[in-house]
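Participant: give me a model of this one.
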Amino acid sequence: MNKRTITNEKEIDIKRKNIFSKLILFIVLFSILFVLGGVINGHFHFKDRKYYGIIEKIEYPENRRGSPVIFINTNGIQLSMEEFKIYSSLRVGDSIVKESGTTTIKLYHKEANGKWREMIFE
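Facilitator: Just a heads-up that it's a prediction; the model follows:
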């Protein structure tokens, strides 16, 4: 082996490392953009949603990681991560209002004394 062969092997090794590093960087950046795009798109979808009525049933499908489906007027509504703030407060018989164009959710719960309590989630 002469010096030129060793130098060429080092150059080839450096080029391989550079290509590998660029590939890893591309994958990481693409993943970040993909996730951010989904979060931003999900937020706008959530803001445009409109639903209201009395919660008839609540289901927790196994494949949704704890995200419930609420049934209002026999329609199932899959709650998103943006609606996470209300998960623990949901009860069958509660009245729920989500207007389009806002991120506010109002939940009305009937207390034991018969009075309705309003909970506002921003």
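
Participant: so for the strand ranked longest in the chain, mean pLDDT?
Facilitator: Scanning the chain for the strand with the most residues, using DSSP state E, yields strand 51-59. Average pLDDT, strand 51-59: 91.

Participant: show residues contacting that strand.
Facilitator: With CB atoms under 8 Å, 6 or more residues apart in numbering as the test, strand 51-59 has contacts from 68-74, 76-77, 90-99. Using the backbone N, CA and C atoms, a C-beta is placed for each residue, glycine as well.

Participant: one more time with 6 Å, if that's ok
Facilitator: Here strand 51-59 makes contact (CB atoms under 6 Å, 6 or more residues apart in numbering) with 68-73, 77, 90, 92, 94-98.

Participant: would you turn these into JSON lines with distance to residue 116?
Facilitator: Shown next, in JSON lines, are those (distance: CB to CB, whole Å):
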{"residue": "68", "distance to residue 116": "22"}
{"residue": "69", "distance to residue 116": "24"}
{"residue": "70", "distance to residue 116": "18"}
{"residue": "71", "distance to residue 116": "20"}
{"residue": "72", "distance to residue 116": "17"}
{"residue": "73", "distance to residue 116": "19"}
{"residue": "77", "distance to residue 116": "21"}
{"residue": "90", "distance to residue 116": "15"}
{"residue": "92", "distance to residue 116": "15"}
{"residue": "94", "distance to residue 116": "9"}
{"residue": "95", "distance to residue 116": "8"}
{"residue": "96", "distance to residue 116": "12"}
{"residue": "97", "distance to residue 116": "12"}
{"residue": "98", "distance to residue 116": "17"}
